[in-house]
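Asker: Got a predicted structure here, sequence first:
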Amino acid sequence: MKKKQPISTGSEWTFEQVERYDKEIGRVAEHYGLDTYPNQIEIISSEQMMDAYASTGMPLMYSHWTFGKHFLHTLQNYRRGHMGLAYEIVINSSPCIAYLMEENTMTMQALVIAHACYGHNSFFKGNYLFKTWTDATSIVDYLLFAKNYIAQCEEKYGIDAVEDLLDSCHALMNYGVNRYKRPAPISTEEEKARQIEREEYRQRQINELWNTIPKNLDKDKDIEEKKFPEDPEENILYFFEKNAPLLETWQREMIRIVRKIAQYFYPQRQTQVMNEGWACFWHYTLLNHLYDEGLVTDGFIMEMLHSHSNVVFQPAFDDPRYSGINPYTLGFNMMMDIKRICVDPTEEDKRWFPDIAGSSWLETLKFAMENFKDESFILQFLSPKIMRDLKLFSITDDENLPYLEVSAIHDDEGYRLVREALASQYNIGNREPNIQVYNVNVRGDRSLTLRHYQHDHRPLGKTTAEMLKHVHNLWGFDVHLESIRDDKVHSSFHCPPKEAEEERSLIELT
Amino acid sequence: MTHIIDRRLNGKNKSTVNRQRFLRRYKKHIKRAVADAVNKRSITDIESGSQITIPNKDLSEPNFQHGRGGFNNIVHPGNKEFIRGDKIRRPEAGAGQGPGSGKASNQGEGMDEFTFQINHEEFLEYMFEDLELPNLVKKQLKETIAYKFRLAGFSSKGTPEKLNIIRSLRSAHARRIALSGSERREIRQLKRELREMEVSPEEADQERVEFLRDRIKELNAKLKRLPFIDEFDLKYNNFIKTPVPSTKAVMFCVMDVSGSMTQEIKDIAKRFFILLYLFLCRTYKEIEVVFIRHHTSAKEVDENDFFYSRETGGTIVSSALELSRDIIRERYSPAQWNIYIAQASDGDNWEGDSSICSNILVNGIMPLVQYFAYVEITDRHHQNLWREYEAVYEAFHETFAMQQIKTVSDIYPVFRRLFERKEA
């Protein structure tokens, strides 16, 4: 191919060049069939980047002390040189907002555009979890509504009351997620109208539930036997929003806001490996494509590869820099590997992946991106070659044994075991304790019982007592938490604590 | 479709509110940290901001977590020599999971404390919170005798240097227009008639033309006679005297440098003086500091001599008080200056002198000053000077304060006690 004039030669960027790169990268992305939301690229300074960090990356957020804490923390580390800032932040919204730091070189800006504006962007638009659980067009509107609503509450009820409630909600944020039911997307206007409607409705319903006037004796008996809720409820915040007896309507609305935001972030927590892997794969592929066309210089591609290999660097387990498996490394390697299996399969690949070996790599990758989350993606596509390349091995830690054991390594016997172990590591259900609303003593002291279903006999951690205070804060009456092992109550926690019980559970904890 | 937006000029302080929320929530901790910083570090460092450290457990954001125990199976990268079935000694509790010790060091000790920076203003804000300068308000309202001249409109009387030229010419112009109205109207009329006669085809009445021309000339001459500027037009800037609150302060540092004062005691005194200086800086734009040291006789010195030159000999406190009084009379009129005196001593004084001291204080100094603070840096029993001062305190308990400092760590608490906001 005839060499063209490169888009840029120096490291300083200009708006014209950013635009030009975006155009070219967009053209190549289209060539590969990436489907994206429209892009909104915003150039920001490092201070603004730290602001964005502090409020979970969102362009709008309500005020809360924890965001201030994160900001101070980032600032301190950045000033001391303990950490660099991310080159970009990208938001799952339509248009897809990407923040680029002004300090980046031209090459980095191009890398970030390819990575965020085409990689992450197409993932947000294509992956089934994002499609089901988030609504990219309305999130910014909703955040605006939330910010204003909470600011109003602060004015009406005082900063302390709002802060107190938000603290408890944030603590339970991971338990404010619906895993199965899909909420319908609505706009700010509708949200406002509905919010007023909800206010009236809710109070009426709750009064109904706590109505203490006996209707008649027979019915009463029925209720005694029936549990409330009939089935355990996994979305604890939702349960409180609808059923906590003492909350004011504004408090219910705020619980709802936190819950909605938790729900919005839920897919990101489930697809970190895939999302980053996909974005890395595409910045690598798109920029190399531009290089092949002669649109970028040798210097450009060297700089790109340098930072690319920094991003996908995986220190070994005994390296002082090691802090778990790098999702960029795992994701990028797996994406590249899928392409390899499609294009140039070995005998081993044909045995392990008969369906995809030799198929169209573009379609296979897209299928993988659209229909999986980390757990299932790894279970489906982690190949023996990757396990060998990364030298993966699994360690078993059984509290009944005095030692740790290497349960599997990257060999024929171990491939499947390592793969399963790694996949389950990315199952949020295994990572977080499974705690659900089990019962409410409707006719008695209104106490709430939560149940923790132990996974692999793993007990609850040290924060449990602190957490129950937050649950108690929202529920307003006594709270019990039973930890269930093999269908039996293994230990229990109470708030306010029962003295003898507390001692016992403390012993168990230590 | 891509939009590229330059956001760099947008405000960068989006987190300010959140930061304030954080400071608000942990005010108690921050105040404690500030108090510690004041006690621990050399007070001369206080000019800068400060690092604030809060134990991490106090600002945790808890979450339900798994504890240790049960059955865990974790995948790690970078295997070198392990084969299936290898057994490894379980690391000590808290050293992390599995053989990867990286996790432990990341989340271990370094994270026990949360550290962040507050700036100089915030530092002083926390340091002096709940403190106030005694009698400040009273002074400003009651005894402001300093005046400033302020422009307040214009007057028709005044001295030539206050003449306002623009105003004067403007009023002269107006006068001329007003007084010449009828003449100018007539001139216009006559001129129009003249022009009409000139352009009319009929033969002009020469006599009439002549008359008109004369009349116009006459009127113009009359106009010229109007004075260009008149006494009546002159306008002068009008200044009025307005009282201004006195915002100047002078701080007298009085210290005993006799043989009994060790360097350690002087250091304590120095810290106390610096605290007072910083505190005054927050209230006054302009502060002068007068250093007076004394043994048997008093002398005004510069800062360096005040703190570091060595002297020996007996102690006569009254000499310093006399000198302060004289300096106030000479240079710092109480009308213009807020006067603060801080005296530090180890309590020693020549037996017969203490009553003279209280006499000078009561008659010569206390009526002039905002506040007199006496700190006695000693861990021994009080001597006669303290007892005399107690009597002064009885008489002036609003403006006179005395406290004892035993060790370095007392300085800040004592300082706070001296300037604590009094309940109204």
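Answerer: Okay, I see it. Numbering: from 1, shown residues only, chains lettered A, B, ... in the order given.

Asker: residue in chain A nearest to chain B?
Answerer: Among the residues of chain A, residue A:316 lies closest to chain B, at 2.4 Å counting by CB to the nearest CB. C-beta here means a position set from N, CA and C on the backbone, and glycine is covered the same way.

Asker: Now the residue nearest to the spatial centre of chain B: which helix or strand?
Answerer: Chain B has residue B:282 as the residue nearest its centroid, 3.5 Å off, counting by CA atoms, centre = their mean. Residue B:282 belongs to helix B:263-283 when assigned by DSSP states H and E.

Asker: For stretch B:361-369, measure first residue to last.
Answerer: From its first residue to its last, stretch B:361-369 covers 10 Å (CA to CA, to the nearest Å).

Asker: residues from the stretch 401-510 of chain A in reach of chain B?
Answerer: Contacts of the stretch 401-510 of chain A with chain B, taken as CB under 8 Å from any CB of the partner chain, map to A:402-411, A:413-414, A:418, A:421-422, A:424-425, A:432-433, A:435, A:452, A:454-464, A:466-467, A:470, A:509.

Asker: Try it again at 7 Å.
Answerer: Residues of the stretch 401-510 of chain A found near chain B (CB under 7 Å from any CB of the partner chain) are A:402-410, A:413-414, A:418, A:421-422, A:425, A:432-433, A:435, A:454, A:456-464, A:466-467, A:509.

Asker: are any of these buried, and which?
Answerer: Those of those that meet the buried threshold are A:404-410, A:414, A:418, A:421-422, A:425, A:432-433, A:435, A:454, A:458-461, A:463-464, A:467, A:509, by 16 or more other CB atoms under 10 Å in any protein chain shown.

Asker: Would you map out the domains in chain B?
Answerer: Each domain of chain B is listed here as a residue range: B:15-60+B:110-126, B:160-238, B:248-419, per automatic domain parsing.

Asker: which residues touch the residue in chain B that chain A sits nearest to?
Answerer: Residue nearest to chain A within chain B: residue B:78 (2.4 Å; CB to the nearest CB). Applying CB atoms under 7 Å, 6 or more residues apart in numbering or on different chains, we find residue B:78 in contact with A:316, A:317, A:318, A:391.

Asker: Look up the closest residue to it, ignoring the ones flanking it.
Answerer: Excluding the flanking residues, the one nearest residue B:78 by CB to CB, 6 or more residues apart in numbering or on different chains is residue A:316, at 2.4 Å.

Asker: Quick check: the one you found touching residue B:76?
Answerer: No - with contact defined as CB atoms under 7 Å, residue A:316 does not reach residue B:76; the gap is 8.2 Å.

Asker: between the two, who's got more neighbours?
Answerer: Counted by other CB atoms under 10 Å in any protein chain shown, residue A:316 and residue B:76 do not tie: residue B:76 has more neighbours, with 25 against 16.

Asker: Check the secondary structure at the closest residue to that one other than its chain neighbours for me.
Answerer: Leaving aside its chain neighbours, residue B:76 sits nearest to residue A:317 (3.9 Å; criterion: CB to CB, 6+ apart). For residue A:317, the assignment made with DSSP: H, G, I helix; E, B strand; the rest coil gives coil.

Asker: Can you tell me how far the residue nearest to residue B:78 is from residue A:325?
Answerer: Residue A:316 sits 11 Å away from residue A:325, going by CB to CB, to the nearest Å.

Asker: Ok, residue A:110 next?
Answerer: 28 Å.

Asker: show me what contacts the residue nearest to residue B:78?
Answerer: Neighbours of residue A:316 in contact, by CB under 7 Å, 6+ apart: A:322, B:77, B:78.

Asker: Could you pull up phi and psi at the first one?
Answerer: Dihedral angles of residue A:322 (phi, psi; degrees, to the nearest 10) stand at phi -70, psi 130.

Asker: Helices of the stretch 401-510 of chain A, residue ranges please.
Answerer: Taking DSSP state H, counting those that start in this stretch, the helices of the stretch 401-510 of chain A run over residues A:415-425, A:428-431, A:464-475, A:499-509.

Asker: typo on my end, it should be chain B
Answerer: B:16-25, B:27-40, B:102-107, B:120-127, B:136-142, B:165-179, B:181-199, B:206-225, B:263-283, B:303-308, B:317-331, B:354-360, B:384-395, B:411-419 (DSSP state H).

Asker: Of the contacts of residue A:316, which is the nearest to residue B:340?
Answerer: Nearest to residue B:340 among these: residue A:322, at 60.3 Å, using CB to CB.

Asker: I'd like to know how many residues surround the closest one.
Answerer: Neighbours of residue A:322 using other CB under 10 Å come to 21.

Asker: Also residue B:232?
Answerer: By the criterion of other CB under 10 Å, residue B:232 has 10 neighbours.

Asker: where's it relative to residue B:156, distance?
Answerer: Distance, residue B:232 to residue B:156, using CB to CB: 8 Å.

Asker: most centrally placed residue in chain A?
Answerer: residue A:269 (1.9 Å).

Asker: Check that one and give its pLDDT.
Answerer: Residue A:269 carries a pLDDT value of 90.

Asker: Find the nearest non-adjacent residue to it, please.
Answerer: Going by CB to CB, 6+ apart, residue A:269 has residue A:428 as its nearest residue, at 6.3 Å.

Asker: okay, now the domains of chain A?
Answerer: If you go by automatic domain parsing, chain A breaks into A:15-127+A:271-306, A:139-269, A:318-429, A:433-509.

Asker: So which of the helices of chain B is nearest residue A:200?
Answerer: Residue A:200 sits nearest to helix B:16-25 of all the helices of chain B, at 31.8 Å, using CB to CB.

Asker: Tell me what angle the closest one forms with helix B:27-40.
Answerer: On the basis of axes from the mean of the first three to the mean of the last three CA atoms, to 10 degrees, helix B:16-25 is oriented at 70 degrees to helix B:27-40.

Asker: helices and strands around helix B:16-25, which ones?
Answerer: Helix B:16-25 sits against helix A:65-80, with contacts defined as 3 or more CB pairs under 7 Å, 6 or more residues apart in numbering or on different chains; DSSP states H and E.

Asker: how about the domains of chain B in TSV, adding mean pLDDT?
Answerer: Formatted as TSV, the domains of chain B follow (pLDDT from 0 to 100):
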stretch	mean pLDDT
domain B:15-60+B:110-126	75
domain B:160-238	84
domain B:248-419	83
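
Asker: Would you tell me which one of those is buried the most?
Answerer: Mean neighbours per residue, mean count of other CB atoms under 10 Å in any protein chain shown, is largest over those for domain B:248-419, with a mean of 18.

Asker: residues from the stretch 151-300 of chain A in reach of chain B?
Answerer: Counting by CB under 7 Å from any CB, the stretch 151-300 of chain A comes close to chain B at A:170, A:171, A:174.

Asker: Show me those that map onto helices.
Answerer: Per DSSP H, the subset of those in helices is A:170, A:171.

Asker: Report the contact partners of residue B:212.
Answerer: B:190, B:193, B:194.

Asker: restrict the residues you listed to those near chain A?
Answerer: Within those, nothing lies near chain A by CB under 7 Å from any CB.

Asker: And the pLDDT for the residue lying closest to residue A:490 once chain neighbours are set aside?
Answerer: Using CB to CB, 6+ apart and skipping the chain neighbours, the partner closest in space to residue A:490 is residue A:483 (5.0 Å). Note for residue A:483: predicted pLDDT of 92.

Asker: how close does the residue nearest to the centre of chain A get to residue B:61?
Answerer: Distance, residue A:269 to residue B:61, using CB to CB: 16 Å.

Asker: Please apply the same query to residue A:337.
Answerer: Distance, residue A:337 to residue B:61, using CB to CB: 38 Å.

Asker: cool, residue B:308 as well?
Answerer: Going from residue B:308 to residue B:61 by CB to CB gives 51 Å.

Asker: hang on, the earlier thing: so can I have a markdown table of the helices of the stretch 401-510 of chain A showing mean pLDDT?
Answerer: Output for the helices of the stretch 401-510 of chain A, formatted as a markdown table (pLDDT from 0 to 100):
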| stretch | mean pLDDT |
| --- | --- |
| helix A:415-425 | 93 |
| helix A:428-431 | 84 |
| helix A:464-475 | 92 |
| helix A:499-509 | 52 |
